[in-house]
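Enquirer: Attaching a predicted model along with its sequence, questions to come.
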Amino acid sequence: MSVLESALNVKDEAFITNRADMLEMLGTLESLHEEAAQGGGEEAMARLRSRNKMPIRERVARALDPDTPFLEISSVAAWRSPFAVGSGFVLGIGVISGVECVVLGHDPSVRAGAFNGFNSKKLMRGLEISRENRLPYVQFVESAGADLRGQGGGGDPEAAIQRETGHFAESGRLFYEITELSKMRIPTISLVFGASTAGGAYQPGMSDYNIFIRKQSKVFLGGPPLVKMATGEDADEESLGGADMHCSVSGLGDYLAEDEMDGIRILREVMAHLNWRKLGPGPSLPADEPLHDPEGLLGLVAKDLKAPFDIREVVARIVDGSRFEEFKPLYGPTLVCGWASVHGFPIGILGNNGALFSESSEKASQFIQLCNQIDVPLLFLHNITGYIVGTDFEQNGITKNGSKMINAVSNSTVPHITVIVGASYGAGNYGMSGRAFGTRFTFIWPTAKIAVMGPKQMAGVMSIVGRRAAERRGLEFDEEADAARAEVAEHWAEERSKGLFATSRVSDDGMIDPRDTRTVIAIALSACHNDKVQGTKEFGTWRM
């Protein structure tokens with residue numbers, strides 16, 4: 001297999017500028033990670049420790065095998081919203097007693113671990129990852145149920161929508177999802193760290209294995225205040241839903257731990273006895289490091305995305321030994337396709353080097369079919385403004401051939417992993433297996449932008465439509481008002497297209513440091529291989 005060469009000049013002025021911009025964006029991301037780690041704040045954390053309770057991230061860290069990675073999902077969910085950064089839940093993929101699993105943890109320092117619109121989406125994403133990749137599902141439960149306190153007030157329409165509709169529907173769906181995992185023979189384990197009320201009670205209620213902590217775990221559909229209001233009964237927490245009661249009387253609890261560390265010890269024992277076996281093939285190729293330094297990824301992409309770059313420079317820094325067998329290199333050159341491996345896992349790669357033309361779309365369709373025939377997962381590297389438009393291109397079949405590519409992506413059954421390194425606009429996002437296409441994992445770089453179209457193009461289209469509407473009605477077009485509207489539209493389109501906004505709305509699995517791309521892809525591939533990796537030869541009707 002050929003080894004990719006690199007033409008990247010780390011002393012070039014553009015590289016130095018791009019690198020500085022990237023490090024600034026990574027500094028912002030690191031600050032948000034630190035904010036998320038602080039949970040409900042210093043006072044709330046101190047209150048936890050005064051009760052001999054560990055913060056959620058410490059609980060997770062002590063449960064994981066030493067020196068193993070934890071791939072956190074949607075780490076900055078709820079940024080620029082009325083809710084805490086991170087949304088009050090921790091979600092990720094880790095290894096417990098040698099078993100790869102999904103771990104979800106309520107942060108009791110953030111509104112008592114209550115559900116809201118953002119963390120409900122995060123929870124549902126965790127269940128989806130578990131189901132699609134056949135990963136055991138571990139819950140660290142401590143939840144007050146749905147957040148009834150109406151955070152954000154009536155003046156924030158987004159908060160109101162999240163409060164009134166989002167988390168109710170999604171937190172209710174979790175009951176179905178957890179039981180479905182059990183039906184699929186995917187183990188579900190709950191370690192209950194504190195009071196778990198209403199929806200929080202159903203998390204252990206629906207789980208295969210439940211671990212309770214003496215004098216700490218409390219599980220009930222309605223706590224003492226609700227019982228009093230509903231029935232008039234004066235109930236104490238321990239008799240109503242304490243750990244001893246559930247382990248000796250109701251039978252909801254399977255294991256009774258003396259404290260949090262004992263609960264984690266029992267969890268590790270349960271994971272060890274699952275006799276869990278991955279069904280997919282393990283790494284089969286040499287897993288040597290890339291020949292080119294991943295540090296080069298910091299200065300590759302310009303912040304404004306206007307300057308082009310060769311996607312092969314990314315490939316050369318993430319694949320084993322920088323080896324890459326390119327497919328049809330002379331045909332449809334705006335899409336780079338080929339075979340490589342990441343940490344020994346074979347993979348097919350599609351990366352953008354410009355807009356998608358008819359030829360590049362046809363090449364993608366054929367390549368996706370070939371990868372399905374040999375059961376090889378696909379990695380999509382996005383830097384795409386979309387499919388090419390114009391009279392000549394339409395006559396040359398861009399809609400027809402672009403549809404072939406989307407057909408191939410839609411019907412492909414091998415795992416898809418997507419990394420958005422630059423732009424990901426319009427139908428280009430769909431053709432490159434965006435989140436809407438059942439992609440197993442989607443990650444973004446700080447430089448990523450995701451939208452229906454570029455902000456300038458969007459504002460310009462709105463202006464043209466308005467001008468034509470005025471002409472049809474015989475009205476004078478107000479140029480000054482149009483310019484002001486266009487400026488506002490472009491500003492908001494720009495802000496909402498930024499990767500940080502998108503990732504905070506849980507529209508992907510997280511923003512990553514470009515230097516970590518190889519490791520993140522490897523963890524995702526390993527997770528995918530818990531199940532069989534099986535392609536298909538069945539595709540929809542091709543419009544020839």
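Expert: Thanks, I have it.
Enquirer: now the nearest residue in space to residue 64 that is not next to it in sequence, what's its secondary structure?
Expert: Of all residues not flanking residue 64 in the chain, residue 94 sits nearest, at 4.7 Å (C-beta to C-beta, 6 or more residues apart in numbering). In short, each C-beta sits where N, CA and C put it, glycine included. With DSSP: H, G, I helix; E, B strand; the rest coil as the basis, residue 94 sits in strand.
Enquirer: Where does pLDDT dip in this protein?
Expert: Applying pLDDT under 70 to the chain flags residues 148-172, 452-461, 487-494.
Enquirer: buried sites along the longest helix along it?
Expert: Identified as the longest helix of the chain according to DSSP state H is helix 13-37. Of the residues in helix 13-37, 15, 18, 19, 21, 22, 25, 26, 29, 32, 36, 37 count as buried by neighbour count, 16 or more other C-beta atoms under 10 Å.
Enquirer: Likewise for stretch 210-223?
Expert: 210, 211, 212, 213, 216, 217, 218, 219, 220, 221, 222, 223.
Enquirer: Residue 78 against residue 504, yeah?
Expert: Yes. The pair residue 78 / residue 504 is scored as a contact, 6.3 Å apart, by C-beta atoms under 8 Å.
Enquirer: Could you confirm residue 144 falls within a strand?
Expert: No. According to three-state DSSP, residue 144 belongs to no strand; its state is coil.
Enquirer: Now for the closest residue in space to it that isn't next to it in sequence: which residues touch it?
Expert: Closest residue to residue 144 apart from its sequence neighbours, by C-beta to C-beta, 6+ apart: residue 112 at 3.8 Å. Applying C-beta atoms under 8 Å, 6 or more residues apart in numbering to residue 112 gives the contacts 142, 143, 144, 195.
Enquirer: cool, residue 347 as well?
Expert: Contacts of residue 347 were listed using C-beta under 8 Å, 6+ apart, and they are 319, 339, 340, 341, 376, 377, 378, 379, 521, 525.
Enquirer: Just give me the closest of these to residue 235.
Expert: Comparing these against residue 235 with C-beta to C-beta places residue 525 closest, at 50.2 Å.
Enquirer: Next, give phi and psi for the residue nearest to the closest one when sequence neighbours are not counted.
Expert: Nearest residue to residue 525 in three dimensions, chain neighbours excluded: residue 345, at 4.3 Å (C-beta to C-beta, 6+ apart). Note on residue 345: its backbone torsions stand at phi -90, psi 120 [degrees, to the nearest 10].
Enquirer: Quickly note the distance from residue 345 to residue 376.
Expert: Going from residue 345 to residue 376 by C-beta to C-beta, to the nearest Å gives 9 Å.
Enquirer: swap in residue 221?
Expert: On the measure of C-beta to C-beta, residue 221 and residue 376 end up 48 Å apart.
Enquirer: Residue 366 is in contact with residue 331, correct?
Expert: No. At 9.8 Å, residue 331 does not count as touching residue 366 under the criterion of C-beta under 8 Å.
Enquirer: Of those two, give the one with the bigger neighbour count.
Expert: A direct count of neighbours by other C-beta atoms under 10 Å for residue 331 and residue 366 places residue 366 higher, at 17 against 13.
Enquirer: tally of neighbours for the closest residue to that one other than its chain neighbours?
Expert: In this structure, residue 366 finds its nearest non-sequential neighbour in residue 328, 7.8 Å apart by C-beta to C-beta, 6+ apart. Residue 328 has 18 neighbours, counted by other C-beta under 10 Å.
Enquirer: all helices for the stretch 251-400 of the chain, in order.
Expert: With helices called from DSSP state H, counting those that start in this stretch, the stretch 251-400 of the chain shows them at 260-273, 312-315, 358-373, 391-395, 398-411.
Enquirer: possible to save these as TSV with distance to residue 436?
Expert: Formatted as TSV, the helices of the stretch 251-400 of the chain follow (distance: least, C-beta to C-beta, whole Å):
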stretch	distance to residue 436
helix 260-273	34
helix 312-315	23
helix 358-373	17
helix 391-395	24
helix 398-411	10
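Enquirer: So for residue 422, which of those sits nearest?
Expert: Taking C-beta to C-beta, helix 312-315 is the member of the helices of the stretch 251-400 of the chain nearest to residue 422, at 9.8 Å.
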